[in-house]
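A.B. asks: Generate coordinates for the sequence data below:
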Amino acid sequence: MEVILKQDVQNLGNRDDIVTVKNGYGANWLIPQGLAIMATPTAKKIHAENMKQRAHKEAALRSQAEAVASKMEGATVKLATKVSEKGKVFGSVNNIQVAEALVAAGFDCDRKNITLVGEPLIKQVGTYQAVVKIYKDIKATVNVEVVGEE
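C.D. replies: Got it, this is the predicted structure:
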């Protein structure tokens, strides 16, 4: 029996895969649980059309993300914070402050998509790097310059 998976099923396949399973597994488990639908010729045509439209949307999103990544790559954001005389930051600088600085610089990003390279928290004055995940596998590296407030 061929079925089209509606969700990821462990040890079987991912969403939108067409897989062949035993009749009992498909009819008694996958379909009643809402994990799959029968792969009839009509369902296969609808599935193919949906995949084609999804690929078109995916290509558009990917091109937009690549444009944003090319603008963001190598950008430098400056964070002013309170520091001691030795250059140690009072508290720490994390991805939340980096996200706020990037938004202020005109880049739209979420703090959950920012990873500081090396350490999760910045505790010294200096220049650091952060990786911003823009879309699935598209990332940009930005420089974060931590300076003392004047």
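A.B. asks: rest of the way, CA atoms for contacts and neighbours
C.D. replies: Noted.
A.B. asks: any low-confidence regions in this structure?
C.D. replies: Applying pLDDT under 70 to the chain flags no residue at all.
A.B. asks: Could I get the contacting residues of the residue nearest to residue 77 when sequence neighbours are not counted?
C.D. replies: Closest residue in space to residue 77, ignoring its immediate chain neighbours: residue 144 at 5.2 Å, by C-alpha to C-alpha, 6 or more residues apart in numbering. Residues in contact with residue 144 (C-alpha atoms under 8 Å, 6 or more residues apart in numbering) are 76, 77, 78, 79, 98, 127, 128, 129, 130.
A.B. asks: of these, buried ones?
C.D. replies: Neighbour-count burial (16 or more other C-alpha atoms under 10 Å) applied to the contacts of residue 144 gives 76, 77, 79, 98, 128, 129, 130.
A.B. asks: Map the structural domains onto the sequence of this structure.
C.D. replies: 2-66, 69-148 (automatic domain parsing).
A.B. asks: Pull the distance from the first one to the chain's centre.
C.D. replies: In other words, domain 2-66. Mean C-alpha position of domain 2-66 versus that of the full chain (C-alpha atoms, centre = their mean, to the nearest Å) differs by 22 Å.
A.B. asks: so how far is the first residue of it from its last?
C.D. replies: End-to-end span of domain 2-66 (C-alpha to C-alpha, to the nearest Å): 37 Å.
A.B. asks: Would you point to the one among the domains of the chain that's packed deepest?
C.D. replies: Ranked by mean neighbour count, the domains of the chain are led by domain 69-148 with a mean of 16 (mean count of other C-alpha atoms under 10 Å).
A.B. asks: Strands of the chain, start to end?
C.D. replies: 2-5, 18-20, 36-38, 76-81, 88-93, 114-116, 122-124, 126-135, 138-148 (DSSP state E).
A.B. asks: With distance to residue 61 added, can I get the ones you listed in CSV?
C.D. replies: Shown next, in CSV, are these (distance: least, C-alpha to C-alpha, whole Å):
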stretch, distance to residue 61
strand 2-5, 24
strand 18-20, 25
strand 36-38, 27
strand 76-81, 25
strand 88-93, 31
strand 114-116, 19
strand 122-124, 32
strand 126-135, 8
strand 138-148, 11
